[in-house]
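J.: Here's my sequence, what's the structure:
(2 chains)
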Amino acid sequence: MKDEIKILAPCGMLGYGFPKQSFLRGIEEKPKAIVVDAGSTDGGPHKLGAGVSIVSRRAAKKDLELMIVYGLKLKIPIIIGSAGGSGARVHVEWTKGIVDEILKEYNLSAKIAIIWADVSHDLVLKAIENKKVVPLGQGVKPLTPELLKDTTNIVAQMGHEPIVEALKERAEIIICGRAYDPAPFAAVGIYHGFDFGLAYHLGKILECGALCAEPGTTKDSILGILKENSFVVKTLNQHRKCRESSVAAHTFYEKGHPYLLQGPGMVLDLGLCQFTEITDGVVEVEKSRFIKKNPYYLKLEGARKVAYRTFFIAGIRDPLLISGIDEIEALVEQQVRAYFPEISPDDYHINFYNYGKNGVMGNCEDEIFKGYEIGVLLDVIANTQELANSICASVRSTFLHYGYEGRKATAGNLAFPFAPSDVEFGPVYEFSVYHLMEVDNGRQVFNIEYLEGINDKTI
Amino acid sequence: MTKLFELAKVLRSKNCGPFEITLDVLFDHSEDYHQVKNSKKISRETIALLYKIPVEKVIRIVFFDPALGFKITYIRDVSSGTIGDRDVYGAQQHAPLMKLDI
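T.: Below is the predicted model:
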C-alpha cells in the first residue's frame, strides 16, 4: 500500500462543466483516478422512466473529452458513476456512444469496463415473493407486482464491489450504471488498500465537485488525498477554499441524517469525525467509520408512467381579477367540466399554479398576498395526451374570456407570452420503485462486461 | 425576538430521495448554534405547524454539535417530479423555517 493516493473529481455532475485550468492542476497532482458522478434522482422520475439524460450530449462529451484524453495519455483510469443520469441500460449505452466517439476522434483505444446496474422484473418479483423487498422510508408504498409491471426501467445502486473488480482487471475506462454516488470514488481507495470508511466519506465529498468549498459549486474540480488514517480535501482553484465548517457541513447535504449515511450493505458513521484546516483552504478529516450491515440491502429505483400533461403559462395584471383569483379559477374549471359531461371527471385534473402568490408553497403558504401581478401555470393532467391537449385548450379559451363578477377588462384576462400558448409536455412519471432489496452480497446483481478498443460491436 | 435566518449561516432545503425533504440549518458561531438548540423551539410540533403537515410526517430532527448544525427531515406530500409536485429538487421549501422566532 502506498502512503497516500490522490483522486481527481473534475465536477459534481458530468456535463455540468469545469474550468480547464482546475482540471489541469488536478492532473499535475498525478491522481490515481479521475472519477465523476453522472447521476441523481434529484431531477425527478422522468429520466429513469423515459430513458433520457438530464444534461445535453454536447456538454457530457465536452467534459468527457478532457477526462479521457488526459486519463488515457497518463494511464489514469476514468470512472463514470451512474452513467447518463439514471444509470439504466439506455443511459449507459448513451454514455458508451459518447466515449466511442471521443476515442475515434482522437484515434485512441482503451480497455472499457461496463458495469450494468439493471435489475430484471423477474428478479424483483421473486424477491417480493420471498419478502426481501422493503420500502425505503415511510413515504414509500409497498412494492406490488402490479406496480412493478408498469415500471419501465429498474436499477440498483451498486457499492464499491464491482468497481473494485473492474479496477483489478485493469480497465482504463469504467462506465458504471446506477451507483451509490460515493461508491466509484470509494472503489479507488479500497482498491489501493485504504480504509473503507475514509474512502467512502471522501467519495461522499468528492461526488459533488467543489461544493464542499467556499464559495461552493458543483461546476469546479476538487482533489482528494487518501492516507492511512485520514483524508485531505483541497480545491484546485485559488478562488475557492475548503474550510472546516464547509467540509463538515457538506456531510449534511441531501441526506436524511447529519452523520449516519446509509449505503449499499453499509452505514457510514461520521459522528466522531474531526475536521482540521491543516493549511489555508486545505482540510484534513479523520475518524470516518464504515459499518458493514448484515443482511446486505441494495437500493432499487424505478419509474412508471402515470399520465400525460399539457400546460400553458400566462400573466395576469388586472387588479380586479387578481383580487378574486382563486374563486375565478374554480369557476373556470367548473365551466370546462360542465362543457365535457361525457368525460369521466377522474380522467383529467386541472391544476392552477399561481406564481407570485403561492406557486412554490401551494396550500402551505401563509404569507399574505400583496402582489400586483401573477404568473399562472395551468397544468392539465389526463389519461391520454389527446385529452390533456383538449382540456388545456378549453381551459385556455374559457379563462381568457371568462366574465367574472365586476369585470371591466372585457377583451381578455390573460397575457400569453408565446404563440402558440399550449405546450404538449408528454408523459408524466412517478417513482414507483424506491425500495431496498436483500441480496447475498454486493457483487451478484451487477454484470461486468469488458470491451477492447473502439470498434467493438458488443453493444 | 430574533428570526432563525438571522442567526444561521446556511438555511436550506433539499430532497433527501424523492419521498422526503430535508432542511439543514448551520451556524458560524457556537453561541448562535447553542442559543437555537437550547431554545427548544426546534421541535416536530413547530415544524408540523410551519409546514401545515401532520406531526407524524416530521420524521427526524437531529442536532450535530461538531458541525454546528441541525437537520430536519419530513415526508413530502407528493413525491418529486410527479403530478402535483411544486418543487422537483425540494430546493425552495426553507422559507417557512427562516422566519421562526428564536
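
J.: give me the residue from chain B nearest chain A.
T.: Relative to chain A, the nearest point of chain B is B:G81 (2.0 Å; Cβ to the nearest Cβ). For the C-beta atoms, the positions are set from N, CA and C on the backbone; glycine is no exception.

J.: Can you tell me the closest non-neighbouring residue to that residue?
T.: A:G44 (2.0 Å; Cβ to Cβ, 6 or more residues apart in numbering or on different chains).

J.: part of a helix, is the one you found?
T.: No: checked against DSSP: H, G, I helix; E, B strand; the rest coil, A:G44 lies outside a helix; its state is coil.

J.: What ranges does the stretch 251-400 of chain A have for its helices?
T.: With DSSP state H, counting those that start in this stretch as the criterion, the stretch 251-400 of chain A has helices at A:319-323, A:325-339, A:385-401.

J.: wait, I meant chain B
T.: When secondary structure is read from DSSP state H, chain B shows helices at B:4-7, B:30-39, B:44-50, B:95-98.

J.: export those helices to TSV and tack on mean pLDDT, distance to A:K132 and mean neighbour count?
T.: Shown next, in TSV, are these (pLDDT from 0 to 100; distance: least, Cβ to Cβ, whole Å; neighbours: other Cβ atoms under 10 Å in any protein chain shown):
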stretch	mean pLDDT	distance to A:K132	mean neighbour count
helix B:4-7	97	43	17
helix B:30-39	97	40	15
helix B:44-50	96	32	16
helix B:95-98	96	38	18
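
J.: I'd like these as CSV, with distance to A:K30 appended.
T.: Converted to CSV, these look like this (distance: least, Cβ to Cβ, whole Å):
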stretch, distance to A:K30
helix B:4-7, 44
helix B:30-39, 39
helix B:44-50, 48
helix B:95-98, 45
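
J.: Buried deepest among the helices of the stretch 251-400 of chain A, which one?
T.: helix A:385-401 (a mean of 19; mean count of other Cβ atoms under 10 Å in any protein chain shown).

J.: and it with helix A:325-339, angle?
T.: 130 degrees (axes from the mean of the first three to the mean of the last three Cα atoms, to 10 degrees).

J.: Mind listing residues that contact helix A:385-401?
T.: Residues outside helix A:385-401 that contact it (Cβ atoms under 8 Å, 6 or more residues apart in numbering or on different chains) are A:307-312, A:314, A:329, A:332-333, A:335-336, A:339-340, A:343, A:347-348, A:350, A:376, A:378, A:380-382, A:412-414, A:421-422, A:424-426.

J.: downstream neighbour of that helix in the secondary structure list?
T.: Downstream of helix A:385-401, the next assigned helix or strand under DSSP states H and E is strand A:423-439.

J.: Can I get that following strand as CSV, trimmed to CA atoms?
T.: Taking Å, rounded to 0.1, in the frame of the first residue of the first chain, the C-alpha atoms of strand A:423-439 are listed here in CSV:
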residue,chain,number,x,y,z
VAL,A,423,-47.3,23.2,-24.7
GLU,A,424,-47.7,19.4,-25.1
PHE,A,425,-45.4,18.1,-22.4
GLY,A,426,-45.7,14.3,-22.9
PRO,A,427,-45.8,11.6,-20.3
VAL,A,428,-45.5,12.2,-16.6
TYR,A,429,-43.8,9.6,-14.4
GLU,A,430,-43.6,8.8,-10.8
PHE,A,431,-41.0,6.8,-8.7
SER,A,432,-42.8,3.5,-8.4
VAL,A,433,-39.8,1.7,-7.0
TYR,A,434,-37.8,3.2,-4.2
HIS,A,435,-37.1,0.1,-2.1
LEU,A,436,-34.4,-1.9,-0.5
MET,A,437,-33.8,-5.5,-1.8
GLU,A,438,-31.9,-8.0,0.3
VAL,A,439,-29.1,-9.7,-1.6
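
J.: so what does that strand touch, helix or strand wise?
T.: Counting contacts by 3 or more Cβ pairs under 8 Å, 6 or more residues apart in numbering or on different chains; DSSP states H and E, strand A:423-439 is packed against helix A:46-50, helix A:121-129, strand A:133-135, helix A:145-150, strand A:151-156, strand A:296-316, helix A:385-401.

J.: Including mean pLDDT, could these go into TSV?
T.: Formatted as TSV, these follow (pLDDT from 0 to 100):
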stretch	mean pLDDT
helix A:46-50	94
helix A:121-129	97
strand A:133-135	96
helix A:145-150	94
strand A:151-156	96
strand A:296-316	98
helix A:385-401	98
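
J.: Including distance to A:E367, could the ones you listed go into TSV?
T.: Listed next are those as TSV, based on distance: least, Cβ to Cβ, whole Å:
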stretch	distance to A:E367
helix A:46-50	30
helix A:121-129	44
strand A:133-135	35
helix A:145-150	38
strand A:151-156	39
strand A:296-316	18
helix A:385-401	25
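
J.: From one end of stretch A:37-46 to the other, what's the distance?
T.: Across stretch A:37-46, the terminal residues are separated by 19 Å (Cα to Cα, to the nearest Å).

J.: do the same with stretch A:370-388
T.: Stretch A:370-388: ends 33 Å apart by Cα to Cα.

J.: Stretch A:203-218 now?
T.: End-to-end distance for stretch A:203-218, by Cα to Cα: 14 Å.

J.: Give the buried residues for that stretch.
T.: Within stretch A:203-218, the residues that count as buried by 16 or more other Cβ atoms under 10 Å in any protein chain shown are A:203-214, A:216-218.

J.: so what's the one residue sitting closest to the centre of chain B up against?
T.: Centroid check for chain B by Cα atoms, centre = their mean gives B:L23 as the closest residue, at 3.3 Å. Going by Cβ under 8 Å, 6+ apart, B:L23 touches B:11-13, B:47, B:71-74, B:93-94, B:97.

J.: which stretch among the helices of the stretch 251-400 of chain A comes nearest A:P31?
T.: Relative to A:P31, the nearest member of those by Cβ to Cβ is helix A:385-401, separated by 48.2 Å.

J.: Is chain B within reach of stretch A:150-167?
T.: No: judged by Cβ under 8 Å from any Cβ of the partner chain, stretch A:150-167 stays clear of chain B, getting no closer than 11.2 Å.
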